[in-house]
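In: Predicted model, plus sequence, below.
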Amino acid sequence: MQRPIKYYGDPILRQKGSLITDFNSELKLLIEDMVETMYAEAGIGLAAQQIGIDQQICVVDVRPPKEADVLFNYTYDGKTIPLDLFMPMALINPSVTITDETEEVYEEGCLSFPRITGNVHRPIAIACQFQDVHGNPHTVTADGLLARCILHEIDHLNGVLFIDKMDQRDLSKQSTRIKQLKRSHKA
Ligand SMILES: [Zn+2]
């Protein structure tokens with residue numbers, strides 16, 4: 001079931017998510033809803049806060065269009081397996097390690113900030129440990145778009161938003177829109 005998106009101004013987006021301890025059927029349903037909502041909104045990632053839930057879970061699907069080349073490197077539990085085998089992926093209780101501090105700039109958007117984009121600097125390579133729907137631990141390493149997407153979503157789980165890291169110039173260009181958004185979605 002598709003769930004309504006929470007927009008900037010809603011205090012839930014600043015809430016740090018609590019750890020998930022029950023790996024039950026309710027969690028499975030939540031993941032299904034999050035994936036459905038992400039696809040319906042044409043996003044490549046969605047964090048629980050964005051549908052009003054303050055828990056440590058996000059979903060990601062950065063598969064390129066069919067026949068397009070994958071423009072990032074990754075491993076899943078140490079192996080390079082096809083993306084289709086683990087995407088869409090749910091990252092539960094994720095923690096991230098930066099494996100290459102070199103920063104790259106890229107224009108990001110966010111489903112909680114409609115029509116607002118801006119350049120964000122982020123490190124280029126990460127390793128992410130997380131649990132799956134059954135509670136089993138996994139590690140993904142990634143660079144490029146997958147690394148960026150995971151970093152953006154894990155920020156959400158800690159109440160951090162892309163405007164906090166956006167280049168100052170882009171931020172000031174968007175400041176009126178951001179203020180309007182905040183005003184219209186205040187609880
Ligand atoms: Zn976002």
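Out: It's in.
In: how about stretch 41-57: buried residues?
Out: 43-51, 53-57 (16 or more other Cβ atoms under 10 Å). Quick note: C-beta positions are derived from backbone N, CA and C, even for glycine.
In: what do you get for stretch 88-98?
Out: For stretch 88-98, by 16+ other Cβ under 10 Å, it's 88-94, 96.
In: With stretch 69-80 instead?
Out: Within stretch 69-80, the residues scored as buried using 16+ other Cβ under 10 Å are 72, 74, 76.
In: Which of the helices and strands in this structure ranks last by mean pLDDT?
Out: helix 175-185 (a mean of 94; mean pLDDT, DSSP states H and E).
In: what about it, distance to the chain center?
Out: 22 Å (Cα atoms, centre = their mean, to the nearest Å).
In: helices or strands next to it in the packing?
Out: Judged by 3 or more Cβ pairs under 8 Å, 6 or more residues apart in numbering; DSSP states H and E, helix 175-185 is in contact with no other helix or strand.
In: quick revisit: pull the most distant pair out of the buried residues of stretch 41-57.
Out: Ile44 and Asp54 (21.9 Å; Cβ to Cβ).
In: Any figure for the gap between Ile116 and Leu71?
Out: 24 Å (Cβ to Cβ, to the nearest Å).
In: next one: Leu27
Out: From Leu27 to Leu71 the distance is 32 Å (Cβ to Cβ).
In: picking up where we left off before, turn the buried residues of stretch 41-57 into TSV, including pLDDT.
Out: Formatted as TSV, the buried residues of stretch 41-57 follow (pLDDT from 0 to 100):
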residue	pLDDT
Gly43	96
Ile44	97
Gly45	98
Leu46	98
Ala47	98
Ala48	98
Gln49	98
Gln50	98
Ile51	98
Ile53	98
Asp54	97
Gln55	98
Gln56	98
Ile57	98
